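A.B. asks: Got a predicted model here, sequence first, then my questions.
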Amino acid sequence: MGGPSTWSTDPDTNQSVDPDAAFPEGQAPPTLNNGIRGLMAGSKKYALDQACAGTALKGGSNAYTLSTNQGLTAAAVNTPHAVSFFTDAVNTGPATLSIDGRTARSLRGQGNRQLGGGELLPGILYRAVYTPTLGVYTLTVEGVRPRFEAHKNGVDQAISPGSPAKITFPTELTDLGGWYDPPTSSLKPTVACCMMIGACIHQSAGSEDNGLIELSLYKSGVLTKRVSQPGSAAIFMSAQIEALIEFNGTTDYLEVYATSYGTTQKTIDGSPARTCFYGYMI
């Protein structure tokens, strides 16, 4: 097996390291011609692998396998190399990549970040570089990162004054990564990450009692962020919150709560244009 993956940075070593492109001293003219042809073929294989080696096939536990045009040797896969590829199926969490049947290594984002579900999508060309000091493949162009948006689908929600009420968002607009759970209206990332999270609500009915309204983010049942909308004589009030939230990827989850401090029951508007819960990984 020859090709660029067998070539060395030491010129003398390259005399015979590649059987398809051998250039020993004093070689016969016919073998020189064959060596040049082999060199051309090897260069073409390398170029193809840089453009697109093919499709990485997903196996169990998000283990992807890829066959290259060069056919990387056992020694070559332990040295720096790069390859471009498509995938045949979306990942659901951290992924690995095995090239030409060699040892599977973690496939990661920039900053040695574990991939989240939904980042490797069919139809998108990815490029990965192996770095021996890290022992992982790193995507030079980030995959599609998890994101979600959910709303109330036109269903109003009544909240009583004085205590936090969990706001429900039972309808998904998008959920790339599968981290949002509509039945519980909670977000639970499956990998450690930081996300920009936002929510907005609109109070559409209730007494004009000058009651304050608060919008809060609770992580794993504990208040994390809160904003307050001062009360007024108007029934209609809106509140919006945005915050960077760190998740541990195992037990952390996030929910939205609202508190009304008036004297009467209030109604949270169910319109998707006015009340929603959203976020994306950064």
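C.D. replies: Received, thanks.

A.B. asks: how close does Leu134 sit to His81?
C.D. replies: 13 Å (CB to CB, to the nearest Å). From N, CA and C alone the C-beta is placed, and that goes for glycine too.

A.B. asks: Looking at those two, which has the bigger crowd around it?
C.D. replies: The neighbour comparison of Leu134 against His81 (other CB atoms under 10 Å) goes to His81, with 21 against 13.

A.B. asks: nearest residue to that one other than its sequence neighbours?
C.D. replies: Distance criterion CB to CB, 6 or more residues apart in numbering; nearest residue to His81, sequence neighbours excluded, is Tyr130 at 5.3 Å.

A.B. asks: Give me the number of neighbouring residues for that neighbour.
C.D. replies: 22.

A.B. asks: do the same with Phe23
C.D. replies: Neighbours of Phe23 using other CB under 10 Å come to 17.

A.B. asks: Not counting its neighbours along the chain, what's nearest it?
C.D. replies: Per CB to CB, 6+ apart, closest to Phe23 is Gly35, 5.2 Å.

A.B. asks: thought Ile282 was touching Glu246?
C.D. replies: No: using CB atoms under 8 Å as the test, Ile282 is too far from Glu246 to be in contact (10.7 Å).

A.B. asks: joint contacts of these two?
C.D. replies: Counting by CB atoms under 8 Å, 6 or more residues apart in numbering, the shared contacts of Ile282 and Glu246 are Cys194.

A.B. asks: and these two? which has more neighbours close in?
C.D. replies: Neighbour totals were compared for Ile282 and Glu246, and Glu246 leads with 13 against 9 (other CB under 10 Å).

A.B. asks: ok, that one touching Ile197?
C.D. replies: No: contact status for Glu246 versus Ile197: not in contact, 10.6 Å apart, counting by CB under 8 Å.

A.B. asks: quick one: the helices in the protein?
C.D. replies: Along the chain, counting by DSSP state H, helices occupy 29-52.

A.B. asks: low pLDDT regions in it?
C.D. replies: In the predicted model, the chain carries pLDDT under 70 at residues 1-2, 142-143, 205-211, 231-235.

A.B. asks: Show me how it divides into domains.
C.D. replies: 4-139, 147-281 (automatic domain parsing).

A.B. asks: Just checking the distance from the last one to the centre of its chain.
C.D. replies: Same thing as domain 147-281. Relative to the centre of its chain, domain 147-281 is centred 24 Å away, using CA atoms, centre = their mean, to the nearest Å.

A.B. asks: what's the distance between Leu139 and Leu120?
C.D. replies: For Leu139, the distance to Leu120 (CB to CB) stands at 9 Å.

A.B. asks: Looking at the two, which one has more neighbours?
C.D. replies: Neighbour totals were compared for Leu139 and Leu120, and Leu120 leads with 26 against 19 (other CB under 10 Å).

A.B. asks: Around the closest residue in space to Thr79 that isn't next to it in sequence, how many other residues sit close by?
C.D. replies: Leaving aside its chain neighbours, Thr79 sits nearest to Pro132 (6.6 Å; criterion: CB to CB, 6+ apart). Neighbour count of Pro132, defined by other CB under 10 Å: 11.

A.B. asks: ditto for the one 4 residues further on
C.D. replies: Neighbours of Val136 under the rule other CB under 10 Å: 18.

A.B. asks: Name all residues that make contact with the closest residue to it other than its chain neighbours.
C.D. replies: Excluding the flanking residues, the one nearest Val136 by CB to CB, 6+ apart is Ser106, at 4.4 Å. Ser106 is in contact with 94-96, 114, 135-137, counting by CB under 8 Å, 6+ apart.

A.B. asks: if we go to 7 Å?
C.D. replies: Contacts for Ser106 (CB atoms under 7 Å, 6 or more residues apart in numbering) come out as 94, 96, 136.

A.B. asks: Against Val227, how distant is the spatially closest residue to Ala150 that is not a sequence neighbour?
C.D. replies: Distance criterion CB to CB, 6+ apart; nearest residue to Ala150, sequence neighbours excluded, is Phe169 at 3.7 Å. Shown here: Phe169 relative to Val227, a distance of 18 Å by CB to CB.
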